[in-house]
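Participant: This is a predicted model, with the sequence first.
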Amino acid sequence: MRVLQACAEIFPLLKTGGLADVAGALPPALRAQGADVRVLLPGFAPILGGLEGAVEVARLSPPAAMAATGARLLYGRLPACNVDAYVIDAPGYYHRAGGPYADAGHHPYADNHLRFALLGWTAAALAQGLDPYWAPAVVHAHDWHAALAPAYLRAAAEAAGRPVARSVYTVHNLAYQGLFDARHFAELGLPDHFFAMHGVEFHGHLNFMKAGLYYADRISTVSPTYAREIQGTEQGCGLDGLLRDRAHELSGILNGVDESVWNPATDTLLASHYDAARLEFKAECKSTLQRELGLEPAADKPIFCVVSRLTEQKGLHLVLQAVPTLIAQGAQFALLGSGDAGLEAAFRAAAEANPAAVAVKLGYDEAFAHRLIAGSDVILVPSRFEPCGLTQLYGLHYGTLPLVRRVGGLADTVADTRLETLDTDATGFVFDEFSAAGLLQAADRALALYRRSADWLQVQRRAMAQPCGWDVAASRYLALYRQIA
Ligand code: ADP
């Protein structure tokens, strides 16, 4: 089956969050199960730079408002991602000094609706024969950036009087919807009647996410619990009604871990390698980390770590409040993150106040993320909401026990350690109440377990043995494609 994955970022070429990890891992996993997969990406500089053997497939002629860019569609191979790719070469849209979505001052680009409408429009054009040699039977669009693809496909089907290709739309985070002023709708070249409550209109605005959710043949999100949560008002971000209406076409498919990137036995970014049978080498990763960060070189002090975007979603102000207590109880704390300026300053101050026990590295650093997760004992993910979460999966796989809030994908992937679960299914520590006290109660249990090294080892080995590859997710996506194709 021919499947086109449309998304805005892909690991390792361009990554701002978990979406890139998924975009990088899913195509090879689908291919391993027999699908003929290509990806479609905007031509950001790192993506164009990674494209080998590029040929021009077509000059694009999108709706007038987008046409100003003189865009071309290239086809080639992204060896770093092990995937064949279509890349939209539109320098006017994608070569900018800042990030992919916002300028250096974190202001979203004023023409984001056009920059990403072009992505959705091109996906639909490929389904209609833009490349005479290859057309997808299924277009799988990810997040708001690609969410207009199902709308353009529906418009094409209405014009042709028959379906052109089927579509799946996956929500990686419902909080980022691609919301624009209604006047921009006219620039998209979609039929007028699409700007309606049953369409892309959302309280008088244009909503890309809603287009994906409304027009795709199937919708999915990245964990079963999040799929349920977003049907409620608390986490539905205003789209819960639509999600409830489509509940029978909505699935929750858990992300996996790309073991060619995240595997402590082979991870090329680590100085020492280990697996569940050779955990003494994890201790080497820990002492190396303590040296690197200037922490007290104490093998018996558990290191609690965080690897995260610093945003409200991630519950990191709970961590800030909890750190002094953790330190007083003999733990160390290390954070890698970037984002909110207030959180950055507060974590920096915590490290300056106690450099032997607290270390903070601000910024984005893929290699250090690996060293930090491998060298720590516990990884904290106390999110307010969490569609799937990847760092707790990396923690499990690296024997770095996750301490998480019972929400979204975190609830689906970590089993709490209690007396009655210790010998059966415990893999980490789970708390419910979104407060520092809730987090600290779980941390108390982590610290108590850490002091019982045989029990700790047992839970660590079980965590590392959890099935985590992409094969299960890939077979579930394939089943979805087959249902509709
Ligand atoms: P989200 O997509 O909401 O940011 P996920 O847990 O799904 O959260 O994915 C986050 C991804 O980004 C993980 O691969 C994580 O290791 C990585 N990451 C987050 N912050 C950083 C950072 N500062 N440096 C390096 N990698 C980071």
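Facilitator: Right, received. Where do you want to start?

Participant: ok, the closest residue to residue 184 other than its chain neighbours to residue 211 distance?
Facilitator: Spatial nearest neighbour of residue 184, excluding adjacent residues (CB to CB, 6 or more residues apart in numbering): residue 113 at 4.7 Å. In this view, the C-beta of every residue, glycine as well, is placed from N, C-alpha and C. Per CB to CB, to the nearest Å, residue 113 is found 11 Å from residue 211.

Participant: ok, these two, which is more surrounded?
Facilitator: Counted by other CB atoms under 10 Å, residue 113 and residue 211 do not tie: residue 211 has more neighbours, with 31 against 23.

Participant: what sits against the more buried one?
Facilitator: Taking CB atoms under 8 Å, 6 or more residues apart in numbering, we find residue 211 in contact with 120, 147, 148, 150, 151, 194, 199, 200.

Participant: any idea how far residue 181 is from it?
Facilitator: Going from residue 211 to residue 181 by CB to CB gives 15 Å.

Participant: what pLDDT, on average, does the host helix or strand of residue 87 get?
Facilitator: Residue 87 is part of strand 83-89, with elements assigned from DSSP states H and E. For strand 83-89, mean pLDDT rounds to 98.

Participant: Listing partners with orientation, what would you give for that strand?
Facilitator: strand 36-42 (parallel), strand 72-78 (antiparallel) (DSSP bridges).

Participant: winner for burial among those?
Facilitator: Highest mean neighbour count of the strands paired with strand 83-89: strand 36-42, a mean of 23 (counted as mean count of other CB atoms under 10 Å).

Participant: Centroid-wise, who is the farthest residue in the chain?
Facilitator: In the chain, the residue that sits farthest from the middle, by CA atoms, centre = their mean, is residue 161; the gap is 36.3 Å.

Participant: Now do the same for it: its pLDDT.
Facilitator: pLDDT recorded at residue 161 is 96.

Participant: Got phi/psi on it?
Facilitator: When read as degrees, to the nearest 10, the backbone of residue 161 gives phi 80, psi 10.

Participant: quick one: it from residue 280, how far?
Facilitator: According to CB to CB, residue 161 stands 67 Å off from residue 280.

Participant: likewise residue 30?
Facilitator: On the measure of CB to CB, residue 30 and residue 280 end up 38 Å apart.

Participant: Of those two, which one has the most company?
Facilitator: In this view residue 30 and residue 280 are compared by other CB under 10 Å, and residue 30 has more residues nearby, 24 against 9.

Participant: I'd say that one and residue 475 touch.
Facilitator: No: at 9.1 Å, residue 30 and residue 475 do not qualify as touching, with contact defined as CB atoms under 8 Å.

Participant: avg pLDDT for stretch 205-220?
Facilitator: 98.

Participant: Could you pull out the buried residues of that stretch?
Facilitator: 206-220 (16 or more other CB atoms under 10 Å).

Participant: Same question for stretch 364-377.
Facilitator: For stretch 364-377, by 16+ other CB under 10 Å, it's 368, 369, 370, 371, 372, 373, 374, 375, 376, 377.

Participant: Run through those residues and flag the ones next to the ligand.
Facilitator: By CB under 6 Å from any ligand atom, the members of the buried residues of stretch 364-377 lying near the ligand are residue 369.

Participant: Please convert the buried residues of stretch 364-377 to JSON lines, extending it with pLDDT and secondary structure.
Facilitator: Listed next are those as JSON lines, based on pLDDT from 0 to 100; DSSP: H, G, I helix; E, B strand; the rest coil:
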{"residue": "368", "pLDDT": "98", "secondary structure": "helix"}
{"residue": "369", "pLDDT": "98", "secondary structure": "helix"}
{"residue": "370", "pLDDT": "98", "secondary structure": "helix"}
{"residue": "371", "pLDDT": "98", "secondary structure": "helix"}
{"residue": "372", "pLDDT": "98", "secondary structure": "helix"}
{"residue": "373", "pLDDT": "98", "secondary structure": "helix"}
{"residue": "374", "pLDDT": "98", "secondary structure": "helix"}
{"residue": "375", "pLDDT": "98", "secondary structure": "helix"}
{"residue": "376", "pLDDT": "98", "secondary structure": "coil"}
{"residue": "377", "pLDDT": "98", "secondary structure": "coil"}
